[in-house]
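Trainee: When you get a sec, could you give me coordinates for this:
(2 chains)
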Protein chains: 2
Amino acid sequence: MKTVAKRKFDNKTFGFEVTARDPKTHARAGLMTTAHGVVETPVFMPVGTQGTVKALTPRDLQEAGAEIILGNTYHLYIRPGIDIIQKFGSLHRFMAWEGPILTDSGGFQVFSLSRLREISEEGARFHSYFDGKEIFLTPEKVIEIQEAIASDIAMIFDECPPATQDKKRIRHSLELTLRWSERARKHHKRPDQALFGIIQGGIFNDLRKESLERTVEMDFDGYALGGLCVGELKDQMLDVISTVTPKMPEDKPRYLMGIGTPVDFLDSIEQGADLFDCVNPTRYGRNGTAFTRGGLRVVRNGKYQKDEKPIEEGCTCYTCRHFSRAYLRHLLNAEEMLGPQLVSIHNVTFFVQFVRSIRQAIREGRFLKFKKDFLNNFSFESR
Amino acid sequence: MKTVAKRKFDNKTFGFEVTARDPKTHARAGLMTTAHGVVETPVFMPVGTQGTVKALTPRDLQEAGAEIILGNTYHLYIRPGIDIIQKFGSLHRFMAWEGPILTDSGGFQVFSLSRLREISEEGARFHSYFDGKEIFLTPEKVIEIQEAIASDIAMIFDECPPATQDKKRIRHSLELTLRWSERARKHHKRPDQALFGIIQGGIFNDLRKESLERTVEMDFDGYALGGLCVGELKDQMLDVISTVTPKMPEDKPRYLMGIGTPVDFLDSIEQGADLFDCVNPTRYGRNGTAFTRGGLRVVRNGKYQKDEKPIEEGCTCYTCRHFSRAYLRHLLNAEEMLGPQLVSIHNVTFFVQFVRSIRQAIREGRFLKFKKDFLNNFSFESR
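Mentor: Predicted coordinates for the structure are as follows:
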């Protein structure tokens, strides 16, 4: 493993450094260096599945404070196709986003979105959600696609079964993912791209620990906790997070995939997590539901009909600086595109800034107070 | 009439001045002063029917160079309702647009969008397109609504029959519109709002001339040519425009309602028109069709799959500064909202800047050369 690790450190493109630690919890702040710039952690990565964070321009993302975004290997491979992104040199240039990009490997999407045909030692055979065409993805192929996309951080291709399956099935899947991880690690060549391993094991803490140890042995640039939010209960998810996260390598970024909500961020950062991604800000935004520090605000609600206040008082996003709840409600009711656009801008800003404010609290040694104050003020629906 | 006119000039909020004339045609450039700023003419007004120019933020509009936009009395009356806009003081504040706004009276919409129940001397009774509720609009009521909206320019309520109806029907309608115009004129009070008359008469030039003369007698702040683009042929429309426009008062703005295309702008400006509005830029933008100086560009077209060029080379809009045809095509194919957003931004910018470039050509005495060069380069579909 040493030689592979050496290549990475020689290149010095990617790096991670913890710069502050909360004295009472596992929470930490750090700096993650990528080929497209330095990212401060903990950080929320807005999801740009198909090469766009839905309804936001790159400028909107920059103004929201986004430091790194996520793209999806599976979707981009199907559409527009890798030859097109390759012609542009990188996804960054194709979508006009100059900051770092992490690409998910597609493991989760293959198993959640596709009509799966066959999974073998070699790879996964399935039908495209787009045109039904048969696609065969292997761990090596998924690395090649991500190298062509030129993301700053690539993920290994994992099998991602529902977390609620029985232990035997989960162990089988875990072993397969480990073999796939090894193959991905060996196949990966791009020196300006980091490669992260993914820890599986469902809701079984012993399997999670084993997956962690054996993945860490392969020496990746960072480690992700995968297979969360796939059917397990919230308590089970938190149990896995609090058991596994603190044991992930101290000197590498820790990425909790697909998480989640403001409360999830606090709980996971307390356990030492650094990176997050989730479609919630744009998905809720399109439906006209806004996230605020007080809870969710259903902007479409009749009670906002004449409300001159912004979605969230004190928020500095473009939407809150210019528009009232009454106007946004009107746009949503009249089915004007600008409604989903503006609520999405607010939500992405909220997520990015919220995680940033946790980061600041860690640096200033007041993480637990921050968490307590937040939870005291938070209810499901904002007042 | 003098006293009514006097009120306007005393107030000095609204004014119009011709600053340049083309030596060979009726084309002219001018300055139109409104309560929310000075507008240079000829000018294209992007259409914000429901209090939003579809998919564009006010910042997008500003960056596109928009100087004045249009709102629709009929739509805003139905949704969000006038009480809400009134609470905000103006449509400007409600939608966060600081520049001038012209409101269409709803005449065209009542007759084109509604299940009409009855038209009488008193007004128009019809069913709301939104909830089927019966609505009764009178010339006075339409003025009151526009005064509540606080637009910079209000339009009289006109009857707007299909231009292809027989002469007897058109004359009857014209007479009704003249009586409604008189009532609107008398009812209008808001000193910081201009009021424009609308000339009707279908495709009958003698009726158009009569409508013009009798409307001008009422002394409005500006005059519009209405009832165009409602079923007549292109040649018939141009015949009306070239017959009537040059006879409209020299010292008042001349507004050609609902027009149109780049070629229409050139033809109408040549006849002395000053103001235009049209939904084409956003309507085509949502379908992924872009306007360029070379013609229409169907961005969704397969031939742009790997095209790294912007929609229009040399265009300075946000979209063309950042994105390729290949990326926009991908967004449109993947049904990503950002696709329609970005093409709409380009199209609105194109329309605004195109009319602005005509204005510049008039000022520099080269209008006909500009028109000739444009037409030589223009085909239906852009190469």
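
Trainee: just the strands in the stretch 201-350 of chain A please.
Mentor: Defined through DSSP state E, counting those that start in this stretch, the strands belonging to the stretch 201-350 of chain A, from first to last, are A:222-225, A:254-256, A:275-278, A:289-292, A:295-298.

Trainee: Sheet partners, orientation included, of the first one?
Mentor: The strands that strand A:222-225 pairs with in its sheet are strand A:194-199 (parallel), strand A:254-256 (parallel) (by DSSP bridges).

Trainee: ok, back up a step: mind checking the strands of the stretch 201-350 of chain A for the one nearest to B:Lys247?
Mentor: strand A:289-292 (53.8 Å; C-beta to C-beta). (Glycine included, C-beta is placed from N, CA and C.)

Trainee: quick one, domains of chain A?
Mentor: According to automatic domain parsing, chain A is divided into the following domains: A:2-278, A:279-375.

Trainee: residues contacting the closest residue to A:Asp22 other than its chain neighbours?
Mentor: The shortest distance from A:Asp22 to any non-neighbouring residue, by C-beta to C-beta, 6 or more residues apart in numbering or on different chains, is to A:Phe367 (4.3 Å). Applying C-beta atoms under 8 Å, 6 or more residues apart in numbering or on different chains, we find A:Phe367 in contact with A:Asp22, A:Lys24, A:Thr25, A:Ala27, A:Ile269, A:Glu270, A:Ile358, A:Ala361.

Trainee: what's the angle between the strand or helix carrying the last one and helix B:338-363?
Mentor: Assigned by DSSP states H and E, A:Ala361 falls within helix A:338-363. In terms of direction (axes from the mean of the first three to the mean of the last three C-alpha atoms, to 10 degrees), helix A:338-363 departs from helix B:338-363 by 110 degrees.

Trainee: ok so, going back, for the contacts of A:Phe367, which single residue is the most surrounded?
Mentor: Top of the contacts of A:Phe367 by neighbour number is A:Ile269, holding 30 neighbours under the definition other C-beta atoms under 10 Å in any protein chain shown.

Trainee: A:His36: what's its closest spatial neighbour, skipping adjacent residues?
Mentor: Sequence neighbours aside, A:Pro100 is the residue nearest to A:His36 in space, at 4.3 Å (criterion: C-beta to C-beta, 6+ apart).

Trainee: I meant to write A:Arg117 there.
Mentor: For A:Arg117, ignoring the flanking residues on the chain, the nearest one in space by C-beta to C-beta, 6+ apart is A:Arg125 at 4.7 Å.

Trainee: that older thread, would you format the domains of chain A as TSV with mean pLDDT included?
Mentor: Listed next are the domains of chain A as TSV, based on pLDDT from 0 to 100:
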stretch	mean pLDDT
domain A:2-278	92
domain A:279-375	97
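
Trainee: Going by proximity to chain B, name the top residue of the stretch 151-300 of chain A.
Mentor: The shortest separation between the stretch 151-300 of chain A and chain B is 8.1 Å, found at A:Arg286 (distances taken as C-beta to the nearest C-beta).

Trainee: which residues does that residue contact?
Mentor: Contacts of A:Arg286 by C-beta under 8 Å, 6+ apart are A:Lys54, A:Ala55, A:Pro340, A:Val343, A:Ser344.

Trainee: can you narrow those to ones near chain B?
Mentor: Restricting the contacts of A:Arg286 to those near chain B by C-beta under 8 Å from any C-beta of the partner chain leaves A:Lys54, A:Ala55, A:Pro340.

Trainee: Can you tell me who the residue nearest the centre of chain A pairs with across the strands?
Mentor: Using C-alpha atoms, centre = their mean, the residue of chain A that lies closest to the mean C-alpha position is A:Asp277, 2.1 Å off. The bridge-partner assignment for A:Asp277, based on DSSP bridges, gives A:Met45.
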